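Enquirer: following is a predicted model, sequence given first.
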Amino acid sequence: MTDRPISSDIPPGDELVAYRSKAGQPAIVPARQRDRGIGPFKRLVLRGATVIDGTGAPPIGPTDIVIENNRITLLKKVTGNLATAANRPAQGDHEIDCRGKWVTPGFIDCHAHAGVAYHAANGWVPPVDYVYKLWLAHGVTTVREMGSMNGLGWMLDQKKRSAENSIAAPRLLAYAYFPAVNDMLKVLHTPDEGRSWLRRLKERGADGVKFFGAPPAIMEAALDECRKLGLRSGCHHAQMSVTRMNALTTARWGLTSAEHYYGLPESLFEDRVVQNFPLDYDYNDEYFRFSVSGQMFKQGAKPGSAKWNEVLERFLEIGFTFVPTFTIYDANRDLMRARQADWHKEYTWKSMWDYFTPQRGGHGSYWYRWSTQNEIEWKENYRLWMAFINEYKNRGGRVCAGSDSGFIYQIFGFGYIRELELLQEAGFHPLEVIRSATSQGAALCGVQDELGTLEAGKLADLLVHDHNPLTDFKLLYGTGAMRLNEATNRVEWHRGLKCTIKDGVIFDTAELLADVRELVKETWAEDVPARFRQQQEAAQ
Ligand SMILES: [Zn+2]
């Protein structure tokens, strides 16, 4: 893809969708009405819950939680001799009996996409309702939408509807794609153009910017302008830009967070600047791109070495954040595991499945000759990557949970829970995992005064769990965790997340999952149902 003149009447943040729609890519069907969830209530009381507050503090119970409209107004310990009936919070107009249940803050997905229009290459793209319902069914109540690839205008409309609770969706933070790289779309050519674009972006109401890199002078100016405007930023340090600026360079210039792993191994290089590319490499051949990516960390400084420590120290001084999204490359170290996940059968939309299947032209569909060697290299790559991320957390650095689902056999919602498992694998205590998924995410997004912990005064985003999520994150999957019932000697699937409360609206996760299964089933029918065609046409 090369520069293509983009008419100046395209508002900032809508360039990529304008470009792709010219090429025939259909729009993702937006959500228009809320068909699930009850509330908010004047007074909602959760009785007798064991609370995991999101700060890293241990569980404590029993506690009564009072929510008025969309705000938590009281958390009251209801044990001991002062916990008389008279001393407990007054009756609500709706109550949830939380005895024997656990309550956590809602989860924040710090790297996600509200649908992926690329799936149109393989048929009907899921309407965003599919995505939202999977997110809510897995406890995601806030999403940092990285790139607004459906267009910033589209995103801001959905954000507004979610804020009004007129659709069933997490709250949405809109980060717009910064159009300054040759291999995607470049309409910004000078630092001044970048600055003025950002000012117009801020006026439109964006929360932040998603970078894939840029020429260094433009990137440095853009990050300076972001700081002035109060726009937050995340960067996927794509290989086409990373030799000129790694994650440490952009962190120094004011970048808020590094996404995925890109740019981190390069900041650990001590005997090279350019990674050891095969000589017949082509970035556009994704088999190359992702197979040599699995050789990155071993080219950098060794764990515990002077350089390793120095790089950790630099990031810590800056107060930088990592959003590793371990989950999105999970298939690289075990393709069969990702392809055969328990949920595909009932929850994976057909065009997504077809898109994931190896094919030329599809992003993340690069299994042309994926091998034992590729998987071994990626396992080693993860070992080093996870060691860095875990040590960064141990030394006080911020690490957040993000999923990036919609590619590489990762399904919305399920991919987020897999990320929690992988953070634990990296060495995080499950309480640290929950902290990354809640309060740390809120701090990254700058919404820590409103979200991320269970405290009176905060917005009412909470999860009610039937099982203690700390004991096994698999309980959070929409398909649940496999358990043997000793009495019957049969397998049962235990699903822990009972309801997701967003802004005081209670969503029954079983209903959301049933809706998704119903939608998915139709996509696998012989003929694509006419109503999807209609939906798609109505959205044009
Ligand atoms: Zn992404």
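Expert: That came in fine, so what should we check first?
Enquirer: what's the burial count for Asn81?
Expert: Residues lying near Asn81 (other Cβ atoms under 10 Å) number 6. C-beta here means a position set from N, CA and C on the backbone, and glycine is covered the same way.
Enquirer: swap in the one 5 residues further on?
Expert: Close neighbours of Ala86, defined as other Cβ under 10 Å, add up to 6.
Enquirer: next: the one 3 residues further on.
Expert: Neighbours of Pro89 under the rule other Cβ under 10 Å: 18.
Enquirer: Arg272 now?
Expert: Neighbour tally, Arg272, other Cβ under 10 Å: 10.
Enquirer: what of Thr243?
Expert: Neighbours around Thr243, by other Cβ under 10 Å: 12.
Enquirer: shift numbering so it begins at 29
Expert: Renumbered: residue one is now 29, and that last one reads Thr271.
Enquirer: pretty sure it is touching Val301, no?
Expert: Yes. The pair Thr271 / Val301 is scored as a contact, 6.3 Å apart, by Cβ atoms under 8 Å.
Enquirer: can I get the one helix or strand Met174 maps to in PDB, CA atoms only?
Expert: Using DSSP states H and E, Met174 sits within strand 168-175. Once non-C-alpha atoms are left out, strand 168-175 reads as follows in PDB (Å, rounded to 0.1, in the frame of the first residue of the first chain):
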ATOM      1  CA  VAL A 168     -15.000  -6.800  30.300                       C
ATOM      2  CA  THR A 169     -16.700  -3.600  31.300                       C
ATOM      3  CA  THR A 170     -14.200  -1.100  29.800                       C
ATOM      4  CA  VAL A 171     -12.300  -1.400  26.500                       C
ATOM      5  CA  ARG A 172      -9.400   0.700  25.300                       C
ATOM      6  CA  GLU A 173     -10.200   0.500  21.600                       C
ATOM      7  CA  MET A 174      -6.800   0.600  19.800                       C
ATOM      8  CA  GLY A 175      -7.100   2.200  16.400                       C
END
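Enquirer: that strand pairs with which strands?
Expert: Strand 168-175 has the following strand partners under DSSP bridges: strand 135-140 (parallel), strand 199-205 (parallel).
Enquirer: pipe those strands into a markdown table and attach distance to Val215, mean neighbour count and mean pLDDT per row.
Expert: Converted to a markdown table, the strands paired with strand 168-175 look like this (distance: least, Cβ to Cβ, whole Å; neighbours: other Cβ atoms under 10 Å; pLDDT from 0 to 100):
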| stretch | distance to Val215 | mean neighbour count | mean pLDDT |
| --- | --- | --- | --- |
| strand 135-140 | 24 | 31 | 98 |
| strand 199-205 | 11 | 25 | 98 |
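Enquirer: closest to Ile356 out of the ones you listed?
Expert: In terms of Cβ to Cβ, the element of the strands paired with strand 168-175 nearest to Ile356 is strand 135-140, at 8.3 Å.
Enquirer: and the closest one, how far out from the chain middle?
Expert: 3 Å (Cα atoms, centre = their mean, to the nearest Å).
Enquirer: and stretch 527-544, by the same measure?
Expert: Per Cα atoms, centre = their mean, the centroid offset for stretch 527-544 relative to its chain is 18 Å.
Enquirer: contact partners of that stretch?
Expert: 63-69, 72, 95, 97-99, 122, 124, 134, 157-158, 161-162, 164-165, 167, 169, 191, 193, 196, 198-199, 375, 487-492, 506, 523, 525-526 (Cβ atoms under 8 Å, 6 or more residues apart in numbering).
Enquirer: and the residues you listed, which of them are in strands?
Expert: 72, 95, 99, 122, 124, 169, 199, 490-492, 525-526 (DSSP state E).
Enquirer: just to revisit the earlier point, any chance of the strands paired with strand 168-175 in CSV, with distance to Gln327 too?
Expert: Listed next are the strands paired with strand 168-175 as CSV, based on distance: least, Cβ to Cβ, whole Å:
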stretch, distance to Gln327
strand 135-140, 25
strand 199-205, 29
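Enquirer: to Phe384, which of these lies closest?
Expert: With Cβ to Cβ as the yardstick, what comes closest out of the strands paired with strand 168-175 is strand 135-140 (17.2 Å).
Enquirer: need the contact partners of the closest one.
Expert: Residues contacting strand 135-140 (Cβ under 8 Å, 6+ apart): 163, 166-174, 198, 262, 285, 287-288, 351, 353, 428-433, 440, 444, 465-466, 469-470, 472-473, 479-480, 491.
Enquirer: and the worst-scoring helix or strand of the chain on mean pLDDT, C-alpha only, in PDB?
Expert: Lowest by mean pLDDT, DSSP states H and E among the helices and strands of the chain is helix 558-567, with a mean of 70. Extracted in PDB, the C-alpha atoms of helix 558-567 (Å, rounded to 0.1, in the frame of the first residue of the first chain):
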ATOM      1  CA  ALA A 558     -30.700 -12.800   4.500                       C
ATOM      2  CA  ARG A 559     -30.900 -10.800   7.700                       C
ATOM      3  CA  PHE A 560     -27.100 -10.500   7.900                       C
ATOM      4  CA  ARG A 561     -27.100  -9.300   4.300                       C
ATOM      5  CA  GLN A 562     -29.700  -6.800   5.200                       C
ATOM      6  CA  GLN A 563     -27.800  -5.700   8.300                       C
ATOM      7  CA  GLN A 564     -24.700  -5.200   6.300                       C
ATOM      8  CA  GLU A 565     -26.500  -3.200   3.600                       C
ATOM      9  CA  ALA A 566     -28.300  -1.000   6.200                       C
ATOM     10  CA  ALA A 567     -24.900  -0.100   7.700                       C
END
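Enquirer: residues in contact with it?
Expert: So helix 558-567 is in contact with 54-58, 152-153, 155, 550-551, going by Cβ under 8 Å, 6+ apart.
Enquirer: now stretch 246-254
Expert: Counting by Cβ under 8 Å, 6+ apart, 206, 208, 216-223, 226-227, 236-237, 239, 241-242, 259-261, 269, 273, 278, 281-283 sit against stretch 246-254.
Enquirer: if we use 6 Å, what do you get?
Expert: With contact meaning Cβ atoms under 6 Å, 6 or more residues apart in numbering, stretch 246-254 is reached by 208, 219, 222-223, 226, 261, 281-283.
Enquirer: same deal with stretch 112-126?
Expert: Residues contacting stretch 112-126 (Cβ under 6 Å, 6+ apart): 69-77, 92, 94, 104, 106.
Enquirer: that stretch: how far from the chain's middle?
Expert: 35 Å.
Enquirer: so how far is the first residue of that stretch from its last?
Expert: Start-to-end span of stretch 112-126 (Cα to Cα, to the nearest Å) is 18 Å.
Enquirer: ok, now stretch 249-268?
Expert: OK, stretch 249-268 end separation, Cα to Cα: 19 Å.
Enquirer: again with stretch 53-60
Expert: Across stretch 53-60, first to last residue, Cα to Cα, it's 21 Å.
Enquirer: that older thread, what's the closest of the strands paired with strand 168-175 to Asp370?
Expert: For Asp370, the closest of the strands paired with strand 168-175 is strand 135-140, at 20.3 Å, according to Cβ to Cβ.
Enquirer: restricting to C-alpha, output the closest one in CSV.
Expert: The C-alpha trace of strand 135-140 is given here as CSV (Å, rounded to 0.1, in the frame of the first residue of the first chain):
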residue,chain,number,x,y,z
PHE,A,135,-12.2,-5.9,33.8
ILE,A,136,-10.5,-3.4,31.5
ASP,A,137,-9.3,-4.8,28.2
CYS,A,138,-6.4,-2.4,27.4
HIS,A,139,-5.9,-3.6,23.8
ALA,A,140,-9.0,-4.5,21.9
